[in-house]
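Q: any chance you could fold what I've pasted below:
(3 chains)
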Amino acid sequence: MADTSKKTIILFSGELDKVLGAFVIANGAAAMGDEVTMFFTFWGLNCLRKAQKTKTSDKTALQKMFAVMMPRGPNKLEMSHMNFAGIGPKLMRRAMRQQNVSSIDEFITMAKEQDIKMIACTMSMDVMGIKPEELIDGLEFAGVATYLGEADEANVNLFI
Amino acid sequence: MADTSKKTIILFSGELDKVLGAFVIANGAAAMGDEVTMFFTFWGLNCLRKAQKTKTSDKTALQKMFAVMMPRGPNKLEMSHMNFAGIGPKLMRRAMRQQNVSSIDEFITMAKEQDIKMIACTMSMDVMGIKPEELIDGLEFAGVATYLGEADEANVNLFI
Amino acid sequence: MADTSKKTIILFSGELDKVLGAFVIANGAAAMGDEVTMFFTFWGLNCLRKAQKTKTSDKTALQKMFAVMMPRGPNKLEMSHMNFAGIGPKLMRRAMRQQNVSSIDEFITMAKEQDIKMIACTMSMDVMGIKPEELIDGLEFAGVATYLGEADEANVNLFI
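A: A predicted model of the protein is given here:
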């Protein structure tokens, strides 16, 4: 075990349920005093997108298509099961509220307040054509080498 | 490395193939003398549901719907690919029998016999409205803090 | 932390995007001097299949069906999202080329050159009826006990 009690989570998945799982673990660990790094890659970047369209230049046609098709931010995420054309996530969000579970928006705010390091994967951003200005503030931007450096210092490393 | 050779597995997924993967690793590690903790959350709880409907009180309409739609126990699990409206899992189970691979039912029994600690995630149970009496016997009930405590003592931590 | 800086990755998933993620991390770690073991199981085996049909004897009807339905090699992999009947992966591959990200084929060659240990899970091969001669050269064949031995020596273990 590394002498710090650091944790890292790669969030590769973009579905509401998996994103929730990632933030529950990350914020839970931070609340217990752990240093936490979240590395957002591929579909995991979607929960960091701003809800409104951001004007960007120099996207390829392909990247424009990606931008239109992928959900913008936590309130547009689908479920990995029982999505039912968008009704599933609505019911899931209602169930979360009824049980006093924070929303993804609230978990992201909490993550920032707890100094969780949130890194957006630059390779995924390049492939999917996501520009830094399309993502929420307070992120770092880096690649796999940075992730591996963080993971080497941690004693729990998850891929979600 | 922690001085124990403890392993933890978060089982988030509910598909037959992923559940099988989780139990193969967990039972394999226990057979080699490792202490093992499995933490069942979200769809991962479905393999722990009793096959028959259990009478429960005080469910919201939403939770009742979840209860009806989600598979009850290992024999109802779907595949993550090639599900084909339920034919895939049937073929998969047959292939497992033909190759002398244990069924999920057998793996769960084996897990109990090998003293694998099986924890059902209380937050997921709340959100999905799953009551303890709907799940098989021999489980513990706890949240993310308990998982993190277990993971801190382990040298291999997987999220499946 | 184990004194080596070894990494292991279980590649359970077969989608282009997840396979890419696995090989980026594996090759990145190897480039930084880490020892890396990849353990290919279930759908993760598909990226190791030869593109052309290989003549095999003694398959059950079920295994023949699996063989026909599962993608043969990296160029047939689907996406976990936005697959659109095969258009998604084509666009994804084009985006990867445009951003100078290696193809899966190239990543596999790179993995071999960097001495990444690539192990095909024999239990999955049995269940799915995949024969060693159907897979690319340079693999080892082993089960969960071998994986656990590798993971015990590593400080980062991911399940993808």
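
Q: for the rest of this, base every contact and every neighbour count on C-alpha atoms.
A: Noted.

Q: quick check: residues of chain A near chain C?
A: Proximity of chain A to chain C (C-alpha under 8 Å from any C-alpha of the partner chain) is limited to residues A:1-2, A:42, A:62-63, A:126-128, A:144-145, A:148, A:151-152, A:155-160.

Q: report the buried members of the residues you listed.
A: A:1, A:42, A:63, A:126-128, A:144, A:148, A:151-152, A:155-160 (16 or more other C-alpha atoms under 10 Å in any protein chain shown).

Q: hang on, A:Val101 in a strand?
A: No - using DSSP: H, G, I helix; E, B strand; the rest coil, the assignment for A:Val101 is coil, not a strand.

Q: got phi/psi on it?
A: Backbone geometry at A:Val101, expressed as degrees, to the nearest 10, gives phi -90, psi 130.

Q: what's the burial count for it?
A: 19 (other C-alpha atoms under 10 Å in any protein chain shown).

Q: show me what the least confident helix or strand in chain A by mean pLDDT is packed against.
A: When the helices and strands of chain A are compared on mean pLDDT, DSSP states H and E, helix A:61-69 comes out lowest with a mean of 83. On a contact count with 3 or more C-alpha pairs under 8 Å, 6 or more residues apart in numbering or on different chains; DSSP states H and E, helix A:61-69 meets helix A:122-128, helix C:87-98.

Q: which residues touch it?
A: A:127-130, C:91, C:95 (C-alpha atoms under 8 Å, 6 or more residues apart in numbering or on different chains).

Q: buried ones in whichever helix in chain A runs longest?
A: Secondary structure of chain A per DSSP state H: the longest helix is helix A:16-31. Within helix A:16-31, the residues scored as buried using 16+ other C-alpha under 10 Å are A:16-30.

Q: do stretch A:43-62 as well
A: A:43-51.

Q: what separation do you get for A:Asp58 and A:Asp126?
A: 12 Å (C-alpha to C-alpha, to the nearest Å).

Q: farthest pair within the contacts of helix A:61-69?
A: A:Ile130 and C:Leu91 (15.3 Å; C-alpha to C-alpha).

Q: more neighbours: which of the two?
A: A:Ile130 (22 against 16).

Q: who's in contact with the more buried one?
A: Per C-alpha under 8 Å, 6+ apart, neighbours of A:Ile130: A:63, A:67.

Q: residues contacting A:Ala29?
A: By C-alpha under 8 Å, 6+ apart, A:Ala29 lies in contact with A:7, A:35-36, B:145, B:148.

Q: so how far is chain C from it?
A: Between A:Ala29 and chain C the computed distance is 18 Å (C-alpha to the nearest C-alpha, to the nearest Å).

Q: up against chain B, what does chain A have?
A: So chain A meets chain B at A:1-2, A:5, A:17, A:24-25, A:28-29, A:32, A:91-92, A:95-96, A:98-99, A:155-160 (C-alpha under 8 Å from any C-alpha).

Q: now do 7 Å
A: With the criterion set to C-alpha under 7 Å from any C-alpha of the partner chain, chain A comes near chain B through A:1, A:25, A:28-29, A:95-96, A:99, A:155-156, A:158-160.

Q: for A:Asp105, state which of those is nearest.
A: A:Met96 (12.5 Å).

Q: pLDDT value on the closest one, please?
A: With respect to pLDDT, A:Met96 has a value of 93.
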